Each structure stands twice: as structure tokens, then as C-alpha cells.
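**Q** sequence and predicted structure below; questions after.
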Amino acid sequence: MGDKEVDPILSMEGICKSFPGVKALDGVDFSLWPKEVHALVGENGAGKSTLIKILAGVYKMDSGKILVEGRPVDISSPRQAQEHGISVVHQEFTLVPQMTVAENIMLSNMPSIPGLRSLVDKKTMVYESEKILNGLGVDIDVFAPVRLLTMAEQQIVEIAKALSGKTRILVMDEPTAALSNVEVERLFDVIRTLVSKGIAVIYISHKLEEVFRISHRITVLRDGRVVSSSPISEVTRNEVVKQMVGRELTTMYDRCKADIGGPAMEVKGLLLDPAGEPISFTVHEGEILGIAGLMGAGQIQLARALFGIGRTYGGEVLLRGRPASLSSPSKAVRSGVGLVTENRKEEGLVQLLSVSKNITITVLDAISRRGVLSSWMEDRIVTEKIEELDIRTPSPKQPVMNLSGGNQQKVVLAKWLAVDPDVMIMCEPTRGIDVGAKAEIYRLIGGMAKNGKAVLLISSEIPEVVGMSDRVLVLHSGRVVGELMGDECTQEAVLRLATGGSVVGA
Amino acid sequence: MLAPRPVIDILRRYGMTFILLAMIAALSFMNPRFFSVSNFLTIMRQVAINGALAAGMTMVILTGGIDLSVGGNVALAGCFAAGALQSTGNPWIAIVVALGVGLMIGMVNGFFVSYAKLPPFIVTLATLALARGFTLVYTEGRPILVDSPIFEVIGGGFLAGVPVPVLIVAVVYLIVGFVLNRTKFGRLVYAIGGNEQACRLSGVNVERTKMLVYVWCGLLAGLSSVILSARLLSAQPTAGTGYELDAIAAVILGGTSLSGGEGGVGGTLVGAFIIGVLANGLNLLNVSPFYQDVAKGAVILAAVLMDKAFHSTADAR
């Protein structure tokens, strides 16, 4: 247990890290004692992943120091982190699906036949990997290819892989995101076994209910600072939620509410998963409907399904009262639905192309005659949108990759404003952009609603959803667990529902 | 935002043109016969076939794809056209057959790449083998004579002092250049090569565009087969062997990125000329054909390496 008599195995002191436009970490102190599970919680953007990436040698800190067992260490690469006994189990799996469990576990520490360094010693590999798995108290066939394992088994192999070195500090980033309840229990058993063997665990999770069951100590981060750090027995869940949310709603989200009109999009009994629960809701003209949930709660899947990406297993969607077939993105666009994806770089923009060409990609038909583009029609739209959205670019011919994140996001919005869809679905519209640009994006979203558009605002940043939306649906594990409006729609209430609690309070 | 860097930008845009001019200067210095109108016309005639293939290849590579089947396409289209000429005696029907065969192979490629979502490398490797196989089956391995005054004009004629194949390819480049730069389809070719998923999620019909790109490439291979059999006045079952590699080399030398989205047909023309000038120059210098391939490989590596150096200096701003 986190026993203060003993010296911490890890101390991070005064860690600072800035990215262009954001101070991600501002003097963070974090200590980890042997044999403890130390939870690290905070909203998205609070600085958890930045802190972990510094510890893992992925990012370089601007200032501060890291001590392992009281000695200052320099961690500037993932390899150095491993040499100091620090291993990270990332949220995304890093296993090679075709390779066997044993090969995956020993991937970075492949034993070789003595004297023949390039030949793999298969016997030792199997023996070592079985030993690690047995140590975790699990029974997984080490000869099975990883792709045949369940998510939970893969998660355990991932942990075993992290333990193949001389790990003393294990960081787990949202380890239960993909697991069912039974599987979570199994994972917890593994974590308890690890702790009993003297390994210290940093446990990052949004799911407070789980955090309170497994952890001994909890540290809350907010806006790059530590808000509190205490033994878990000294705080309640509601206190932690309050500490995570912290700030009051700022004026950032100020918007004059639009007049809410008739239903723009009605979703009836949509099944995203054959075994899941049907999802139904309606969004009206001029309304911003927020959809909140933790990462992986199904909100992104829902957004994509409404835009014709990914399978659905039943249900129907009505647009302005008429059944709509949204079986592909191009059909969705023609039916008047737009989607701002959560990953601007991968799916939002063609980075190589100019601002101008990115803006008009949705309206090429409108600016061409018999397939031949009209440059004056294109220039007119582009000039208008650059001005309307105040996109800061030296020239419309500038490749979008040279723009800042906020301006890139404005180009994404411009491309959709050019088509003028009736229903605008926005996933994480302010992810990775600085505060100033955020406010402008909020202004633009407010403007869309004002113009009678229906907006689905999907975000894991709860203040944003609460601040911007007329109404909020909360998703948890693929289910709609609540609908909040008016005074009852507070950050605390949304977070409580999203983390698996009830509306009344835990 | 970023200070302009004129020298770097010029190098980046016209680096290959400088390399071509340097090669021409060096070869003229080494052999006076190189620098003459008649030799330049010869070079242009030699570049014509690879040029036409490379124009289609540019479109395919701009979308991030590849078409390895063009060489086999040239052989099959040429032999079918020659067969049609022999049985009907009508050269126009033969030309239509050649273009038709090219178009069909392009459609097959396009279908499997866009709709069946198979990797273009594999699809076109397979259609290359298919085309070569069908050619041998159809011709039983024997060349077919092409005996037609129209074909003689296409292969060996002059119009206003310019060889007809050169004129044909010039028109091809004007058309392809226009299509790529001024049409909706061309815009989508670049956009899909830059980020296919972003295009799809902007409502673009990605599949249709990719399909069309392979159709264009096949059609231009059909046209090349006409020029080739018109020059040889026969259709060879083994014609076009290795043509796909020359076409790809021209595209890459021309600065089109193999991952798609960047480049253009103007650069490809320069690339095709680099290959053509090199072959012609080495011939005039009496270099053994065995060494010519070595030289070609070395020039491709060196040129691409230099181009990459220009680009990385430009990107490091």
C-alpha cells in the first residue's frame, strides 16, 4: 500500500511542458510508491497523456526533474524509460496480430541461442513468456496467434509484454476501455497480483467507479496542474468530479439561442451493434444537440453511422420527416448531412492541397460546367468563406498543412458551410486547437444553429458540450443513459452519467 | 507567414528540367551530331510511345495507384488491332479495336482496384500476365504484319515538318494537362491521392474517379500500341516488354510522388525526355546497349536523390 514511510519509487517534480499555444503541464508534481496503484484522472486535455508521454520518453519536458528511487534520471527516449524499469501499456494495442502470444510478449527482449545471436531461442522464449503469464495468474496458450484472442486476453498479453523487461513501474492508459465487466474483473486480479509482487502501477482512467475500486491513491489534474493528490479513502467520487471540472462555465460558450424549429433529423431505433441497445433521438432545426460520453462510449460510431460509414443493424433515420438512405458518405452529403471528423489530419483535409481546393472539394459540381472547373466561381466561394470564417492564411493557394490547427479546422468548417447541409454532425470540433481559435469555432457553431441548421455536437470535452448545447444526450458503453436540459444540464451531472453513475448522484 | 525562398522554390519546381538541360548540354559537347534538328526529331519520335504511356501512368500514380499492365496492354491491343486490320482491311476499325482493348483492360483494372478494393500493384500485375498470355494465345507467338497506308502515315509521316507520332503525343499531353488542371475529375485525382479518406468523407465518389483513372491509362496504352505497330508496321506478341517500368520511371523523374497527390503531367514529359535523351545520347556515343541499362538505372537513382534533396531543403523551412 502507499506507505509514506517508504521512499517513493518515482518522483516527478515541477514538470512543465508547452506546446505552441498551450501550456500542457505547469509545474506538475507526481509521486509513486512501491506496491501502490496510483490513479491519474482529469478531463481530456488536463495533461494526463502529456505527463505519461514525458515519463515514457516520448516527449521531452521543458523543465522539471524525474527521480527513480531517489536518483535523478534522464529519460529522453522510450528505450531509456524501459532501462529505468518504466513500461507503458498504451490505450491502442501494439501487438502484432499474426504472431504468437509468446513472440509478442518477448518481442523487444527476444532471447537468442547462446553464441548465435541472430537465432531466436524458441524454448527460452516460450518458457519466459509462460512464466510471465503464470505470474499474472492467467492461462493463455502462448502458441496461439494473437489475433485469435479476446480483447481482454490481448490486454493481458500487452501487460505481459510490458513485464518482459525488468519493469518496476507500469503505466496503464485506459486499460478497460475495450473490456466487458467480467473481463475488467480479470484485469483487476492481474493488477492486484502485480502489486503484490512489488510493481507500482499508474492507472489512467475516466471510469471513476473502477478507479475507486482498484486504486490506493488518486491525483487529479486540471489544465496542466495538480488539483489534489490524496489516498483514495480520503476523497469521494463527487469531490473528484468537482475537482476535475473545477472552473465555472466561461463566457466562451456565449451564444444567443436560436429559435428551435421542426425536427431536422429523427433517429429511430438505430442499432450500432447487433447485441446493443437501439438509439433514438431527434434534433431540430436551430438546435445544438450535444452528445457526451467518455472516449469509446459509442458517440463517434454513432456519428459515423449517421454519415453512412460503418455498419448498422437496424433502425431508420428521417430527414425533415422523410426516410433517408444514408448508406454512404456521398449519399449523406446529397441528403443534406455533413460530418466534421474527430481527426482533422487523417480524415478532414487533404494536407497537400491548398486552402482553396480543400474548401471547394464538397462543391465541385456547383463550380463546374460539364466537368470543367470555373476558376472565378471557385475564387468567389473561397474568398467569401475565408472572409466569413476569418481563416488566417497568406494566400488561398497555401497548402493547408502550413496552417495552424485552428485555421485548419476553420477550413474544414468552410468546406461544409460551402455545401450548407441541414444537419451538421461535429466530432470533437475543437480538438487540438488553442483557446482563441476554440472561441471562434464556438462562434461559428452558434452561427450555424442561428441559421436554422441542426447541429449534433459530439465531444469528450464536457464543458464544451454543456456550454454549447441546447440539450445533451449522455452515452455510456454504447447506450443513451440520460438526456439533460436546462438547469439539470451541468458538467457534474453529465460527468456522473458518463462515468456510469446515475442522475441522482453516487 | 513563411518567407519566400525563390531559389529553393525554383529548384524544387524545375530541378528536373535543369537536369535535362544539363544532360543535353553535356551530350552536345561530347558529340556534335547530338545537337541537331534531325536528332531532336528522332528523340521526340523515340519518346512518343513512352510519353503516351507515362501520361496515363501519371494520372494513376497521382491517385496513389500504379498500373503495371500497360506493357502487356500495348502488346494485346496491338496484336488484336493488327488482326482486325488483316481480316477487315480497314485501318480505322483496327485503331478502334486497339483503343477498345486498351479501354477494356483499363476498366478491368479500375473495377478490381476501386470496387473490389484490391491493391493496384497486384491487380495490374495479374492483368499484365493475362494480357501477355492472351496475346501469345491469339498470335500463337508469331508477329502480325501491318499493311496499311494510314498506319504508315501514323508511324512515319510528317505534318508541317513534325513527325505524326510527336503531334499525337503533343495532343495527348495538352488534353491530359487540361483534364488534370481544369476539370472536376482532375481535381479529384489530386485530392484522392492526397487523402482518399478525406475525399470520401467529403461526399466524393472516390470509386468512380479511381475507375476512370485506370480507364484513361488503358486507353492511352491502346493509343501507344497504335503508334508502336505503325512505326514497326507489324504487331509483335512480345511488344512493350518493360514499357511499364520506363513509364513509371518517367513519372517519378517528373516529380510525381509515388504516394500520390503531388506532381503533374508536365514533369512527366520532362522525365520521359530524360530517359529518351539518355538512350539517344548513349547510342551516339557508341555505348554498348548492356551499359545503357546500367546508365539508365544510375541516372534514375541520381535524379531522384537530387530531387529529394531539393524537396527536403524546401520542406525544412
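**A** Happy to help now that I have it. Numbering: from 1, shown residues only, chains lettered A, B, ... in the order given.

**Q** make it CA atoms for all contacts and neighbour counts henceforth
**A** OK.

**Q** for chain B, give me its nearest residue in the stretch 351-500 of chain A.
**A** residue A:372 (4.1 Å; Cα to the nearest Cα).

**Q** can you pull out the strands in the stretch 51-200 of chain B?
**A** Assigned by DSSP state E, counting those that start in this stretch, the stretch 51-200 of chain B shows strands spanning B:144-145, B:158-159, B:162-163.

**Q** helices or strands up against the last one?
**A** Of the remaining helices and strands, those touching strand B:162-163 by 3 or more Cα pairs under 8 Å, 6 or more residues apart in numbering or on different chains; DSSP states H and E are helix B:37-62.

**Q** which residues touch residue A:262?
**A** By Cα atoms under 8 Å, 6 or more residues apart in numbering or on different chains, the residues touching residue A:262 are A:284-285, A:320.

**Q** next, the buried residues of stretch A:58-66.
**A** Neighbour counts over stretch A:58-66 (16 or more other Cα atoms under 10 Å in any protein chain shown) mark A:58-61, A:65-66 as buried.

**Q** how about stretch A:430-450?
**A** Buried residues in stretch A:430-450, counted by 16+ other Cα under 10 Å: A:430-431, A:433-434, A:437-450.

**Q** kindly report the same for stretch A:38-51.
**A** Residues A:38-48, A:50-51 are the ones in stretch A:38-51 that count as buried (16+ other Cα under 10 Å).

**Q** kindly report the same for stretch A:65-74.
**A** Quick answer for stretch A:65-74 (16+ other Cα under 10 Å): A:65-69, A:74.

**Q** return that stretch as PDB; C-alpha atoms alone will do.
**A** Taking Å, rounded to 0.1, in the frame of the first residue of the first chain, the C-alpha atoms of stretch A:65-74 are listed here in PDB:
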ATOM      1  CA  LYS A  65      13.100  16.600 -12.900                       C
ATOM      2  CA  ILE A  66      12.300  12.900 -12.700                       C
ATOM      3  CA  LEU A  67      13.800  10.700  -9.900                       C
ATOM      4  CA  VAL A  68      13.600   7.000  -9.900                       C
ATOM      5  CA  GLU A  69      14.300   5.500  -6.400                       C
ATOM      6  CA  GLY A  70      15.600   8.900  -5.400                       C
ATOM      7  CA  ARG A  71      18.200   9.300  -8.100                       C
ATOM      8  CA  PRO A  72      17.700  11.900 -10.900                       C
ATOM      9  CA  VAL A  73      17.400  10.200 -14.300                       C
ATOM     10  CA  ASP A  74      17.300  11.400 -17.800                       C
END
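
**Q** tell me the mean pLDDT for it?
**A** Stretch A:65-74 shows a mean pLDDT of 92.

**Q** which other residues reach it?
**A** Against stretch A:65-74 from outside (Cα under 8 Å, 6+ apart): A:7-15, A:80, A:84.

**Q** need the three-state assignment for the residue of the stretch 101-250 of chain B found nearest chain A.
**A** In the stretch 101-250 of chain B, no residue comes nearer to chain A than residue B:203, which is 3.7 Å away by Cα to the nearest Cα. For residue B:203, the assignment made with DSSP: H, G, I helix; E, B strand; the rest coil gives coil.

**Q** from what I can see residue B:74 touches residue B:238, true?
**A** No - taking contacts as Cα atoms under 8 Å, residue B:74 lies outside contact range of residue B:238: 9.4 Å.

**Q** with neighbour numbers in mind, choose between the two.
**A** Counted by other Cα atoms under 10 Å in any protein chain shown, residue B:74 and residue B:238 do not tie: residue B:74 has more neighbours, with 40 against 19.
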